[in-house]
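# need a structure here:
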Amino acid sequence: MLGRSRGIRMGFGHRQLSLGGDDSSRLPLAGQTIETPRSVPRRLPMTPLYDGGGPFSTHVKPQGRPKLLRDQLYDHMVDGEFHDVSQLDEWLPTNQWVLAMIALIAWGFAFDKRDKSFRLRKRRLGERRQFIVPLLSGVTLPKYLEVDEGVSIALSSEASSGSEVDHLSSGVEIPEEERMVLDVEGRFVLSAPDFVTETIGILARKGAGKTYLANVIAEEFLGSSFEIPFVVIDPTGAWRGLRADVEGQPNTSRLVVFGGESGHYPLVADQGRQLAKVVVSTRPLPAILDLSLLGLEAQHGFVADFLGELYMLNREPLHVFIDEADAFAPQRLDKVSEHQKRCLNVVDNFVRRGRKKGLGGTLITQRAAVINKNVLSQVGAMFFLQMVAPHDLDDVETWMADQVRADVRRECRKNLPILGQGQAYYMRSGDLYTFTRFAVRQKTTFDASATPRMGEVPRTMMVGDLSKEDRLAIEGQLGDFEGSVVEKGMATIEPDSIDREDSTPVLGYSEDEVSSNNDVV
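Numbering: from 1, shown residues only. Sure, this is the predicted structure:
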C-alpha cells in the first residue's frame with residue numbers, strides 16, 4: 001500500500017486534469033497560472049497572434065532578461081511617427097540606437113528620413129534593403145562606433161569611402177605598366193600580370209556587388225598593355241555588358257561572346273572541349289561563355305568538359321572567372337545529378353594544379369557556406385563584400401583564421417553585415433600580406449547584372465562586331481575541330497600528365513627574367 005495518494009494526472013492538449021491527490025488541483029483556463037502538487041508555478045502556453053520572432057512576436061518573454069536593443073527601439077518607434085536624433089539618444093544613449101537600427105533593418109524593417117528625424121516602417125515588397133551609412137548621412141556621429149573592446153564599425157562617409165586603404169599592406173611598389181586600379185580614389189592598386197595566375201575569391205550576398213567587382217577586374221584586364229587573356233564562365237548572362245559602353249552602345253573592346261541571347265556565336269551543351277581548344281588557339285582574345293540558356297545539369301557537363309580540356313591544353317598565362325562558383329563546386333552534391341560530381345572534381349583539380357599550366361581563376365559566390373571547402377582552401381586572396389548569414393560569416397572567419405591576426409579578423413566580421421553596396425575588403429596572405437577596405441570604382445562598360453526595378457524601362461545593349469581577323473581565327477577552329485585530348489565523357493587527369501616541376505608561366509616576362517626574380521609571381 002502506498003502511504004499517500006499522489007493522484008493521477010491526465011493531459012488533454014494544453015489542459016491538465018488531476019484526479020485525486022490535493023484538492024487544490026483544478027481545471028485551468030488558457031493563460032492562467034496554476035499550482036500543482038510538488039510543482040513550481042508555471043504558465044500554460046498561449047497561441048501568439050504573430051509567430052514570426054523579432055519585435056512583432058507576442059511570445060511571453062522570460063522575466064528578468066533585458067530586452068534586445070532592436071526591441072527597445074521598436075517599442076519607442078512603433079507609433080509610426082518621426083523621432084529626431086535627440087530622442088534616440090535619450091532612449092538608447094552612446095549611439096546604441098545605431099546598432100538597433102542595423103538589427104531592425106536586418107529583420108525586414110526600413111526607416112523614412114526627414115532632416116534628422118526617422119520613422120520606422122515595414123520594408124515594402126520589392127524594396128531594396130537599406131544601408132546604414134547612407135541612411136545616417138548628415139547626422140553628426142563619431143567616425144567609428146565602438147561595438148566591443150578593440151572592435152569598431154565605420155559610420156562617417158569619410159571612414160567608409162576608402163580611407164582605410166593603407167590599414168595593413170606589404171608596401172610593395174607596383175610598376176606603372178602593371179597597375180590595376182579597383183577603387184574610387186585610385187589608391188588600391190594590384191599588379192595585373194601577377195593577378196592572372198592567382199586563385200582569387202569574391203564572396204558576397206546577392207545584390208552586394210560581387211559580379212560588378214569582377215567586371216571591374218575584367219575591365220582592367222581589357223585595358224592592360226599586356227593584352228591579358230581571360231575567359232568567363234557565366235551561368236546567368238551578366239557579363240556580356242563588357243562588350244558595350246555604359247549606355248549600351250557597342251565599344252571597341254576585343255572580346256568574343258559565345259552563347260546567350262546576344263552572343264557572336266551560339267553555344268551548345270556538348271561544345272565544352274571544342275571551345276577550350278578555341279580559347280587556347282586564339283589567345284590572347286578574351287572570351288565569355290554565356291551558359292544562361294542551358295539548364296543546370298547541362299551547365300555542369302559543359303564546365304567539366306571545358307575546364308578539363310583547358311587544363312590539358314593550356315601552357316601560357318590565362319585567367320578564368322567562374323561566376324556562381326558554388327553551383328559548379330558545391331559543398332554537398334546532388335546524388336541524382338549526372339555531371340555535378342565530375343564537375344566538382346575538375347574544378348578542384350583546376351584550383352589545385354592549374355597554376356603550373358599558367359591557369360589562374362576568380363571564384364565568385366554569394367554563399368561561403370555552400371561552396372566546397374577543399375576548393376575554397378586553395379584561394380590565396382579574397383574579396384569580401386556585404387554578408388549577413390551567420391554560417392557564411394563563420395566560414396569567412398575560418399578561412400581567415402590562419403592567415404590574419406585575431407584583431408583584424410574580429411574587425412572584419414563585425415563590419416561585414418553593415419558594409420554599404422560597393423564597399424569591400426581585400427585580404428591576401430603570405431609575403432604580400434594585405435588587409436584593405438575600399439570602395440569599388442564605377443564600371444566603364446554596360447551593367448548587364450543590374451537588378452530590374454518596378455516602373456523602370458528595361459535597358460538594352462548591342463554587342464559590338466568582331467574584327468575580321470578574330471572572326472577568321474575563331475571560325476577556322478570551329479570548322480577544323482575533329483577531336484579532343486580528353487576522351488568524350490571523361491575529364492579526369494592522369495597522374496603522369498601532371499607537371500612535377502613547380503614553374504608558373506608569367507605574363508609579359510621571359511623565362512630568363514622569371515628565373516632571375518622569383519618575386520614576380
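# residue ranges of the helices in the stretch 251-400 of the chain, please?
272-281, 296-313, 340-353, 373-376, 390-400 (DSSP state H, counting those that start in this stretch).
# what angle do the longest one and helix 340-353 make?
Going back to what we said before, that points to helix 296-313. 30 degrees (axes from the mean of the first three to the mean of the last three CA atoms, to 10 degrees).
# could you give the mean pLDDT of helix 296-313?
For helix 296-313, mean pLDDT is 95.
# show me what that helix is packed up against.
Helix 296-313 sits against strand 230-234, helix 272-281, strand 318-322, helix 340-353, with contacts defined as 3 or more CB pairs under 8 Å, 6 or more residues apart in numbering; DSSP states H and E. In this view, the C-beta of every residue, glycine as well, is placed from N, C-alpha and C.
# would you list the ones you listed in JSON lines and tack on distance to residue 246, mean neighbour count and mean pLDDT?
Conversion of the helices and strands packed on helix 296-313 to JSON lines gives the following (distance: least, CB to CB, whole Å; neighbours: other CB atoms under 10 Å; pLDDT from 0 to 100):
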{"stretch": "strand 230-234", "distance to residue 246": "19", "mean neighbour count": "26", "mean pLDDT": "97"}
{"stretch": "helix 272-281", "distance to residue 246": "27", "mean neighbour count": "23", "mean pLDDT": "94"}
{"stretch": "strand 318-322", "distance to residue 246": "20", "mean neighbour count": "26", "mean pLDDT": "96"}
{"stretch": "helix 340-353", "distance to residue 246": "33", "mean neighbour count": "21", "mean pLDDT": "94"}
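# thinking again about what came up before, out of the helices of the stretch 251-400 of the chain, flag the one nearest residue 449.
With CB to CB as the measure, helix 296-313 is the member of the helices of the stretch 251-400 of the chain nearest residue 449 (17.6 Å).
# and the closest one, what's buried?
For helix 296-313, the neighbour count (16 or more other CB atoms under 10 Å) marks 297-313 as buried.
# chain center to it: distance?
23 Å (CA atoms, centre = their mean, to the nearest Å).
# ditto for stretch 122-139
Worked out by CA atoms, centre = their mean, stretch 122-139 lies 20 Å from the chain centre.
# likewise for stretch 92-100?
Worked out by CA atoms, centre = their mean, stretch 92-100 lies 28 Å from the chain centre.
# likewise stretch 180-198?
With CA atoms, centre = their mean, you get 19 Å for stretch 180-198.
# next one: stretch 458-469
Distance, stretch centre to chain centre, for stretch 458-469: 29 Å (CA atoms, centre = their mean).
# also stretch 124-140?
20 Å.
# list the buried residues of it.
Applying 16+ other CB under 10 Å to stretch 124-140 flags 129-133, 135-136, 139 as buried.
# could you export these as CSV, including secondary structure, distance to residue 352 and pLDDT?
Putting those into CSV (DSSP: H, G, I helix; E, B strand; the rest coil; distance: CB to CB, whole Å; pLDDT from 0 to 100) gives the following:
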residue, secondary structure, distance to residue 352, pLDDT
129, coil, 37, 73
130, coil, 41, 78
131, coil, 37, 72
132, helix, 40, 74
133, helix, 39, 68
135, helix, 44, 81
136, coil, 45, 79
139, coil, 49, 75
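# ok, so of these, who is nearest residue 325?
Using CB to CB, the buried residues of stretch 124-140 come closest to residue 325 at residue 129, 23.8 Å.
# got phi/psi on the closest one?
In terms of degrees, to the nearest 10, the main-chain angles of residue 129 are phi -70, psi 140.
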